[in-house]
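A.B. asks: Pasted the sequence and its predicted model underneath.
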Amino acid sequence: MPFMYFVLAMVAGFAAATQSGVNAQLRTEVGNSYLTALISFATGTVALSMLYWFNKNGIAAGPVAKISWYKFTGGLLGVVFVTIILNIAHRIGATTMFSFVIAGQLLAAILFDHFGLLGYQAHPVSVWRIIGILLVVAGAIIILKN
């Protein structure tokens, strides 16, 4: 696997941590987590619109009516994520929050991989994967004990 994929995954993680901090500051200024999320998603929508329209390759949209309903829930899941983060970031801190976010992501990921859900290639659960996830969860608990 190209090393660049791992680097990009780390950049995405760094962006998520940064986004949460910026959104938490915006929430403090705005005073409402829902309005904060709306501003965040509106800004993201503008940025994505620009990326789409200025993409020289062009992305074929295809008929929206033929798309399975659950494929539209990505944005809703983003709302769930951002809204929860906005309401807990300032209460539990970035390290504790992201330790548990990562633990939750890994628990979901091991299920998706094992069963080949959501288009992921099937990778059966192994003892080493379970140990790895348990170590992350243990790390999150240790961080919480701070």
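C.D. replies: That came through, no problem.

A.B. asks: who touches the residue lying closest to V136 once chain neighbours are set aside in this structure?
C.D. replies: Residue nearest to V136 in three dimensions, not counting chain neighbours: A103, with 5.3 Å by Cβ to Cβ, 6 or more residues apart in numbering. From N, CA and C alone the C-beta is placed, and that goes for glycine too. Each residue near A103 by Cβ atoms under 8 Å, 6 or more residues apart in numbering is listed here: I133, V136, V137, A140.

A.B. asks: for N23, same thing?
C.D. replies: Applying Cβ under 8 Å, 6+ apart to N23 gives the contacts T36, A37, S40, V82, I85, L86, A89.

A.B. asks: Roughly how far does it sit from W128?
C.D. replies: Between N23 and W128 the distance is 35 Å, computed by Cβ to Cβ, to the nearest Å.

A.B. asks: about what we covered before: out of the contacts of N23, which one sits closest to T96?
C.D. replies: Each of these was checked against T96 using Cβ to Cβ; the closest is A89, at 9.7 Å.

A.B. asks: And the helix or strand hosting R91, what does it pack against?
C.D. replies: Using DSSP states H and E, R91 falls within helix 74-92. Judged by 3 or more Cβ pairs under 8 Å, 6 or more residues apart in numbering; DSSP states H and E, the packing partners of helix 74-92 are helix 3-30, helix 33-53, helix 94-115.

A.B. asks: now those helices in a markdown table, with distance to N146?
C.D. replies: A markdown table is the format used below for the helices and strands packed on helix 74-92 (distance: least, Cβ to Cβ, whole Å):
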| stretch | distance to N146 |
| --- | --- |
| helix 3-30 | 17 |
| helix 33-53 | 25 |
| helix 94-115 | 8 |
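
A.B. asks: Alright, that wraps it up for me.
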